[in-house]
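Enquirer: kindly generate the corresponding structure for this input.
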Amino acid sequence: MGSKSNLPVNRNRCSISLFGVIGLCLFFYILGAWQRSGFGKGDSIAMEVTRLSNCNTVKELDFEAHHRIELTESSEPKKKVFKPCDIKYTDYTPCQEQDRAMSFPRENMIYRERHCPPVNEKLHCLVPAPKGYMPPFPWPKGRDYVHYVNVPYKSLTVEKANQHWVEFQGNVFRFPGGGTMFPQGADAYIDELSSVIPIADGSIRTALDTGCGVASWGAYLFSRNVLAMSFAPRDNHEAQIQFALERGVPAIIGVLGSIRLPYPSRAFDMAQCSRCLIPWTSNDGIYLMEVDRVLRPGGYWILSGPPINWKTYYQTWKRTKEDLNAEQKKIEELAEKLCWEKKYEKEDIAIWRKKESDKSCKRKNTAKMCEPNESEDVWYQKMDACITPFPEVSSDEEVAGGKLEKFPARLFAVPPRISNGLIPDVTAESFEDDNKIWRKHVDVYKRVNNLIGSPRYRNIMDMNANLGGFAAAVHSKNSWVMNVVPTISKNTLGAIYERGLVGMYHDWCEGFSTYPRTYDFIHGSGVFDLYENTCNIEDILLEMDRILRPEGIVILRDGVDVLNKVKIIAAGMRWDVKLMDDEDGPLVPKKILVAVKQYWVVSSSSSSSSSSSPQKNNNSTSSDE
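Expert: Residues are numbered from 1 along each chain as shown. As a prediction, this is how the structure comes out:
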């Protein structure tokens, strides 16, 4: 503005503090209103000040992907600095670490379940990317190719070579779409399923892949507009879930063991086991009962692999005919108890369909039924060998729990859980209002970063999903959203699934069930207000950093006081951070934090460097520089 004014203008520090947000922005808001009223004589000055000080611009953040130099320390001194962890923690998964797992019982796969470190054993350092880390290939190329340097494990290329799971070619892995039970490829396998299951018309939107391998089934379902949630344990098959997420496929580290799956009842339209090696008939059929809990009335269950087609494979599987025949008969009996009707069996594949209600069930009176409230209380809850009851219906034609629209109409239709009044204080009207609010919020996000919606951000997480409004507003063929419903918040996850979206329950005081560097974009609304008095803000931010890819973005919407705390901590985590006002103006108490994680990798020498050693969570976890 030169000689026209002595007003201080700083483009780069618009929202540096609460006073900067409320004081400076309020000043310019009033000045702009005064100018627009016609009473101001310095109109040109006011307009220039308003333009330069727009609190809704974040010009310094660079959202393009780069391959920058290797760093071991931040290039800019910060007041509070978190050091890199030792290089051995490159693939650290806090709640599924092998050493900790081996101290738990092996029966019922307990040792493969979540076992998180106590607070005083948490790492308080930044998990490094491997040397040479590269941004994943954009979708859809990413479905078929992964950089070797990002997941440098070749064991599956040897162990599964004849099944075409994954092949090593030069400096990349190639995923040809093969699987143990679909040697002709995932597309051919899905085509066969489609001859029985109405996959093509939008009736089937959400799917569950149990023991998923590298998740090729889910990867190829994307082109059919089906969103599959895949899980597999962290076991001797190195990095199955890491491969899946690096490809851009929804997946978590998980297992059917002794505790319930982190999903609501009636969540999935379709579930499958493709030689997943889950002992479906053991423990009184408890694992099949858990699949039944999460399978929607009218949904389909696919079993390909033992014991199906045992007459052909019994010698290959090194089991007797009698044993396999008895196992299949037991599965048939369990399916009848669960009100599943077999629709198809040919060669290696069998398909059952769950009845739409229990009106036509031929269930024996001896079947043990679960208590109605047990089906939703799942976090760290033990599975019980009981059958989840269908919601009540008034006629044979009614679908238990409510009939769903076909996708994509399902995305914005009022979920049955809401229309039936099953979520306290949420109505059809408030659901519609929530959608409008999130469309407005996401429009602002896209103005801040016009790459949202492009293949640049494939794997997206919403840390506090509420009704799924954010995920619906960012919905794109280029991305998917993991909708997380915190265990201490209102249980809305069932409604999210009824919209044709996927997600899970989680407690953000603990580590998430994924590998490092598996999300491109992390969003959270009200997360830190929710957890401010429950666990350490630093722990949540360090976990976000662990699962965020280099040059990934974070957008948080929260109260100004807590976001100022977050901003100070994040500045020492090699994040470029800016605060901005809510789109409704500076007087709104909630603000928006936008951050970009810097690209950095730790050098190979760091494993012997004291500065790179993990620091435990105590009062001396960080240092001043």
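Enquirer: tell me where the stretch 301-450 of the chain has helices.
Expert: 310-313, 321-337, 416-419, 428-448 (DSSP state H, counting those that start in this stretch).
Enquirer: the longest one: which residues count as buried?
Expert: Using 16 or more other CB atoms under 10 Å as the test for burial, helix 428-448 gives 431, 434-435, 438, 441-442, 444-445, 448. (Glycine included, C-beta is placed from N, CA and C.)
Enquirer: now for that helix, which elements pack on it?
Expert: Secondary-structure packing of helix 428-448 (3 or more CB pairs under 8 Å, 6 or more residues apart in numbering; DSSP states H and E): helix 416-419, helix 469-473, strand 548-559.
Enquirer: JSON lines for those, including mean neighbour count, distance to residue 295 and mean pLDDT?
Expert: Listed next are the helices and strands packed on helix 428-448 as JSON lines, based on neighbours: other CB atoms under 10 Å; distance: least, CB to CB, whole Å; pLDDT from 0 to 100:
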{"stretch": "helix 416-419", "mean neighbour count": "20", "distance to residue 295": "16", "mean pLDDT": "98"}
{"stretch": "helix 469-473", "mean neighbour count": "24", "distance to residue 295": "22", "mean pLDDT": "98"}
{"stretch": "strand 548-559", "mean neighbour count": "24", "distance to residue 295": "33", "mean pLDDT": "98"}
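Enquirer: can you list these in TSV and add distance to residue 226?
Expert: What follows is those, written out as TSV (distance: least, CB to CB, whole Å):
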stretch	distance to residue 226
helix 416-419	20
helix 469-473	16
strand 548-559	25
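Enquirer: quick one: which of those is nearest residue 152?
Expert: With CB to CB as the measure, strand 548-559 is the member of the helices and strands packed on helix 428-448 nearest residue 152 (16.2 Å).
Enquirer: how far off helix 428-448 does that closest one point, in degrees?
Expert: Angle of strand 548-559 versus helix 428-448, following axes from the mean of the first three to the mean of the last three CA atoms, to 10 degrees, is 130 degrees.
Enquirer: helix or strand with the lowest mean pLDDT in the chain?
Expert: helix 43-52 (a mean of 31; mean pLDDT, DSSP states H and E).
Enquirer: give me the contacts around the helix or strand just after that one.
Expert: Downstream of helix 43-52, the first helix or strand assigned by DSSP states H and E is helix 98-101. For helix 98-101, contacts defined as CB atoms under 8 Å, 6 or more residues apart in numbering pick out 111-112, 115, 117, 234.
Enquirer: now do the same contact list for the residue positioned nearest the centre of the chain.
Expert: Central residue check for the chain by CA atoms, centre = their mean: the C-alpha nearest the mean position is that of residue 482, 2.9 Å away. With contacts defined as CB under 8 Å, 6+ apart, residue 482 is in contact with 250, 459-462, 502-504, 519.
Enquirer: and what of residue 361?
Expert: Residues near residue 361 by CB under 8 Å, 6+ apart: 339, 355.
Enquirer: quick one: low-confidence parts of the chain?
Expert: The chain contains residues with pLDDT under 70 at 1-60, 67-79, 161, 236-238, 365, 604-625.
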